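Enquirer: Sequence and predicted structure are below.
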Amino acid sequence: LWLDKTGTVTQGHARVVSFHGPDHVRALVVALERYSTHPVALAFTRAWPSLSAPHASAVTQIVGRGIRGNVDGHHVVVGSPGFVRLVAE
């Protein structure tokens, strides 16, 4: 344990505490986040390591903004609210 930049005691990595949404959405997010090394993406993949997620294709990661791709026939976008709005238009 150490203090982060805000003075909060931390374990040094993000972790999923709860997920509010349908299981099929969680599977879409995990399928895409497997292609990312962002700390939040790693938290998702660590939270559900045995989740059977579909294959993602055409994955594009924009550093500092988010990630997008096609998963099981869906265009999936995960990231900052501004990135999601921009890509969804």
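Expert: Looks like it came in fine.

Enquirer: got the phi/psi numbers for the residue nearest to Gly82 when sequence neighbours are not counted?
Expert: In space, and not counting its chain neighbours, Gly82 is closest to Arg65: 7.7 Å by C-beta to C-beta, 6 or more residues apart in numbering. For glycine as for every other residue, the C-beta is placed from the backbone atoms N, C-alpha and C. Dihedral angles of Arg65 (phi, psi; degrees, to the nearest 10) stand at phi -120, psi -50.

Enquirer: Quick one: residues contacting Arg65.
Expert: Counting by C-beta atoms under 8 Å, 6 or more residues apart in numbering, Arg65 touches 79-80, 82-83.

Enquirer: try it again with 6 Å
Expert: 79-80, 83 (C-beta atoms under 6 Å, 6 or more residues apart in numbering).

Enquirer: just Val40 next, same as before
Expert: Here Val40 is in contact with Ala14 (C-beta under 6 Å, 6+ apart).

Enquirer: Secondary structure class of it, three-state.
Expert: helix (DSSP: H, G, I helix; E, B strand; the rest coil).

Enquirer: and if you look at Arg68?
Expert: Applying three-state DSSP: Arg68 is strand.
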